[in-house]
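Peer 1: Any chance you can model this:
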Amino acid sequence: MNHTETLRNRSFAAAVLTVIAAVCIGPGPAAICGEPHLMLNDSEYFEMQGFNVLVFENQYNGMFFDEKTAGIMLIHHGIRTATGGAVRLKPTPEQWDQIPVVAERKVNRDDPGIDVLLRYKDFDFDARVQVKPKKDGIQFRVILDKPLPEKLEGRTGFNLEFLPSAYFEKTYTMDGKPDIFPLYPSGCMEVKPASTQLRQYEDHSTFDDHGRSEYVEPKPIATGKTLILSPEDPGTRIRIESADGELMLYDGRNVAQNGWFVVRTEIPAGRTGKVVEWLLTPGIMKDWIRPPVIGYSQVGYHPDQQKTAVVELDKHDRPPVSASLLKLNDRGEWIRVYEAPVRDWGNYLRYHYVTFDFSQIRDEDLYIIQFGDVKTDPFPIGKHVFDRIWQPTLDVWFPVQMDHMLVNEAYRVWHGAAHLDDALQAPLRHQHFDGYRMGDSTETRYQPGERIPGLNIGGWFDAGDYDIRTGSHCNTVLTLVDAWERFGILRDETLVDQNQRFVDIHHPDGTPDILQQIEHGTLALIAQHRAFGRAVAGIIVPNLHQYHHLGDGSTMTDNLPYNPALASYESDGLSSGTPDDRWVFTNRFSVYNYSSIAVLAAAGRALQGTRDDLARECIDTAKKAWDDEHRQPVPETRRGLRFGSSGESEAALQLFISTKDEAYAAKFRELIWPAMKMNTQRTMKLAVQAVPYMGEAYKDTLSAFVQKYKMQNDSLTAQNPFGVPISSRGWAGNHGIIDWAITNYLLHKAFPEIIGPEYTYRGLGYIFGCHPYSNISFVSGIGLRSKKIAYGNNRADFSFIAGGVVPGILVLKPDFPENKSDWPFLWAENEYVIDICAAYIFAANAVRELGCE
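Peer 2: Numbering: from 1, shown residues only. Below you'll find the predicted structure:
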């Protein structure tokens, strides 16, 4: 079966025909089936078969503000179609607009309902939202104890945001007047004075008015008292009736491509008590049951590996007791070659799971899995299936991310040479919107705002955004060096000319591509040491209206050095008065310096023979930076920041490997064992990487930790049916799973008598489709069905970059796993990041090698 987001496309048309008699289709409230009713369940959300209402189980994030994963949410026939139900201060709130804090959340079981007190501290304004079942739907009320503050009059309303992709090619009616949801935003806009704009994050503005002192807001595309979304489709149909005030339907994409359709009722000035009341009634397909989702590898399987499919089931389903494997014969017929009982695993999150083991099938051919009426797409079993799975990541994804370079692919230019005006010293006492910060001193020889030469080389766009983030760059380069040294990846399909700042994809140039990527990342890191004598946090644009930039990175700035003698948007051809140059954040933290030391020491080995001058500089710089860090240690509060531990042990290991200086080995041994005792899971990868260099006594000591690690591995099969470490944090966990697969590969190579290859296969199998919610491959372009819409720098085009790896399954509290395949803008689910892509190259080559054992 294809991934969940497309289930409706295949099943709804047929399902509507079979249940049409059970679905009322009249114009009024009777149009919605009257049998089911919402109940408050033990997980503290409202539930009935086919429809859930979550009320602030997920709250707004003070780090990235409105991530479209908070507030009141609707899960409609298994898909989250609405979010952000709350009192908001704009018709179509952007990510960085003011968000409310949940001051209080009360669950009432005697008179089922949930009350949430929302607070805007900056305005001394509280609003209570009451949510309770009513009739065949859900009632929303907004209660005010005090009238709106004067500054919020005409600005404040109750909003509920609907996912555009759920309503593309669908209709709506407002007070009986029919219309079509716009596929592309084309609504009318209103220009307003900048002085009336409510404060966004830290007084930034997402709108670049080019000196006009104005901003824009969308006008509603429809107004009235009764709105029906998707009246023709019982699977997505929603009816909203307003008892107080007018309903207004907005298209938030007019101001931001990641905006949603917003239904809003403005809160009137001067009133208290009940100021908004809606009745929302969903369309429900009677006795709806979510179709089973068969989790399996879209890439296929090696004949010798374990092969287990995981079937995700609606808790109301009564599934078959067996599953079958069918093979394609030379006449194009699917022939059953294996059938076996499924194993009941149990409940995980909101679904029930069974597993189907077909490991005994080893013949190389094309197969499908059948479970009841559900069939997967074809997949191969063969010794070759992992041979090419890493190539698009190295051939395409990494070249597209290369900063400071023009990147061409055949007839297409991905982007011009970006950020040639890098970089200015960041200002003092500044907290940046993307987590960077500066203290009371630059801790460099440069003054705030001063140009720092030599930083406009190397590096990658960090993710779907464009900063040079030192932590992820260090992880990326070090992983690429590990892959080069272990697997000797000689593939050459990309031309890279640093002198011309030119990259041409699908154009061999005689140098292994992985070495050119190692060089490119290293150039950005060595530039920091040349400028400052150490590593720094990173480089990023100063303005919020630049940060949300989409498309060609070379247009993010004007590529001209800032000249304060010129007026804004004025240029003399060599410099510019526009303050758009990126800032470099330079406060000293050990985590960055030690991580950079490790990378430079490792890159110095890898670059020998292709860039001998740079290789020598890297190792000499790493040794000097190590000495400097020990001569002038930073305070404890500056040792680790955001990207993990201080990294000293990793720096010591890489310096020892490169120099054979026993002092570094002694320091590594001193640091590694306390770290292992403190956090074995986190430290095991580094510890096992040292095995070839530290002698038999070290390996013997590590063996006891490996035995415990195996026990933790095996316990995962009791935690979830996929048997991998699934994250429940606010960023989905594919990177952790890939790292886990790599760690187990390294352990298998060092301790084959303890750790088998199955953990590495299992980790990659999860990435390739054996995971919750859907069975899509999380690597764009890899596997039969993969991520074709993702959060890359081309996300506004609803497209992908081949070889990019997305974060994966985000678990929304309390129990909803999600990865949108038709909406790219949820970064926690769909954003490509450089270090996970480097880790994937290593892991993919690891399973390729395992198949050759």
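Peer 1: Test my guess that I72 contacts L160.
Peer 2: Yes. Using C-beta atoms under 8 Å, I72 is in contact with L160, at 6.6 Å. C-betas here are computed from N, CA, C, even on glycine.
Peer 1: Which neighbours do the two have in common?
Peer 2: 82, 84-85, 140 (C-beta atoms under 8 Å, 6 or more residues apart in numbering).
Peer 1: Turn those into TSV, including pLDDT, neighbour count and distance to E829.
Peer 2: Shown next, in TSV, are the shared contacts of I72 and L160 (pLDDT from 0 to 100; neighbours: other C-beta atoms under 10 Å; distance: C-beta to C-beta, whole Å):
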residue	pLDDT	neighbour count	distance to E829
A82	98	26	17
G84	97	23	16
G85	98	26	20
F140	98	24	27
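Peer 1: want to throw the residues you listed into a markdown table with secondary structure and distance to P91?
Peer 2: Shown next, in a markdown table, are the shared contacts of I72 and L160 (DSSP: H, G, I helix; E, B strand; the rest coil; distance: C-beta to C-beta, whole Å):
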| residue | secondary structure | distance to P91 |
| --- | --- | --- |
| A82 | strand | 16 |
| G84 | strand | 12 |
| G85 | strand | 15 |
| F140 | strand | 17 |
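Peer 1: Kindly indicate which of these lies nearest G113.
Peer 2: When these are compared for distance to G113 (C-beta to C-beta), F140 wins out at 10.8 Å.
Peer 1: Just give me the neighbour total for the nearest residue to the closest one once chain neighbours are set aside.
Peer 2: Closest residue in space to F140, ignoring its immediate chain neighbours: W278 at 4.5 Å, by C-beta to C-beta, 6 or more residues apart in numbering. W278: 23 surrounding residues under other C-beta atoms under 10 Å.
Peer 1: All further residue positions should be reported with the first residue as 17.
Peer 2: OK, 17 is where the count begins now, so the last one is W294.
Peer 1: Name the next helix or strand downstream of the helix or strand containing W294, please.
Peer 2: Using DSSP states H and E, W294 maps to strand 289-298. Using DSSP H and E, the helix or strand that directly follows strand 289-298 along the chain is strand 309-311.
Peer 1: And the contacts of that next one?
Peer 2: Contacts of strand 309-311 (C-beta under 8 Å, 6+ apart): 17, 19-20, 23, 325-328, 385, 387, 390, 392, 738, 785-791.
Peer 1: Of those, keep whichever come out buried.
Peer 2: With burial judged by 16 or more other C-beta atoms under 10 Å, the buried subset of these is 17, 19-20, 23, 325-328, 385, 387, 390, 392, 738, 785-791.
Peer 1: from those residues, which ones fall inside strands?
Peer 2: 325-328, 385, 387, 390 (DSSP state E).
Peer 1: give the contact list for L160.
Peer 2: 142-144, 283, 287-289, 291.
Peer 1: Need the shared contacts of I88 and L176 in TSV (columns: distance to D851).
Peer 2: Output for the shared contacts of I88 and L176, formatted as TSV (distance: C-beta to C-beta, whole Å):
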residue	distance to D851
A98	33
G100	30
G101	35
F156	42
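Peer 1: Greatest separation within those residues: which pair is it?
Peer 2: G100 and F156 (12.7 Å).
Peer 1: which residues do those two both contact?
Peer 2: Joint contacts of G100 and F156 (C-beta under 8 Å, 6+ apart) are 88, 176.
Peer 1: all helices for the stretch 767-869 of the chain, in order.
Peer 2: With helices called from DSSP state H, counting those that start in this stretch, the stretch 767-869 of the chain shows them at 774-783, 843-846, 850-866.
Peer 1: between the longest one and helix 774-783, how big is the angle?
Peer 2: Here helix 850-866 runs at an angle of 130 degrees relative to helix 774-783 (axes from the mean of the first three to the mean of the last three C-alpha atoms, to 10 degrees).
Peer 1: hang on, the earlier thing: and the shared contacts of I88 and L176, which is closest to S719?
Peer 2: Proximity to S719 was ranked across the shared contacts of I88 and L176 by C-beta to C-beta; first place goes to G100, at 51.6 Å.
Peer 1: Could you pull up the residues touching that closest one?
Peer 2: Counted by C-beta under 8 Å, 6+ apart, G100 has contacts 82, 84, 86-88, 109, 175-177, 276, 278.
Peer 1: Could I get the residues you listed in JSON lines, plus columns for pLDDT, secondary structure and distance to P528?
Peer 2: Listed next are these as JSON lines, based on pLDDT from 0 to 100; DSSP: H, G, I helix; E, B strand; the rest coil; distance: C-beta to C-beta, whole Å:
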{"residue": "D82", "pLDDT": "88", "secondary structure": "coil", "distance to P528": "44"}
{"residue": "K84", "pLDDT": "94", "secondary structure": "coil", "distance to P528": "41"}
{"residue": "A86", "pLDDT": "96", "secondary structure": "coil", "distance to P528": "45"}
{"residue": "G87", "pLDDT": "97", "secondary structure": "coil", "distance to P528": "49"}
{"residue": "I88", "pLDDT": "98", "secondary structure": "strand", "distance to P528": "52"}
{"residue": "P109", "pLDDT": "95", "secondary structure": "coil", "distance to P528": "48"}
{"residue": "N175", "pLDDT": "98", "secondary structure": "strand", "distance to P528": "53"}
{"residue": "L176", "pLDDT": "98", "secondary structure": "strand", "distance to P528": "53"}
{"residue": "E177", "pLDDT": "98", "secondary structure": "strand", "distance to P528": "47"}
{"residue": "W276", "pLDDT": "98", "secondary structure": "coil", "distance to P528": "45"}
{"residue": "V278", "pLDDT": "98", "secondary structure": "strand", "distance to P528": "50"}
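Peer 1: could these go into CSV alongside distance to A682 and neighbour count?
Peer 2: Shown next, in CSV, are the contacts of G100 (distance: C-beta to C-beta, whole Å; neighbours: other C-beta atoms under 10 Å):
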residue, distance to A682, neighbour count
D82, 50, 22
K84, 51, 22
A86, 50, 23
G87, 54, 29
I88, 58, 26
P109, 56, 25
N175, 61, 26
L176, 62, 25
E177, 58, 28
W276, 57, 28
V278, 62, 24
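Peer 1: Tell me the one of those residues nearest N861?
Peer 2: Minimum distance to N861 across the contacts of G100 is 35.6 Å, recorded for K84 (C-beta to C-beta).
Peer 1: number of nearby residues for the nearest residue to that closest one once chain neighbours are set aside?
Peer 2: In space, K84 comes closest to T99 once its chain neighbours are excluded; the distance is 5.3 Å by C-beta to C-beta, 6+ apart. Other residues lying near T99 total 25 when counted by other C-beta under 10 Å.
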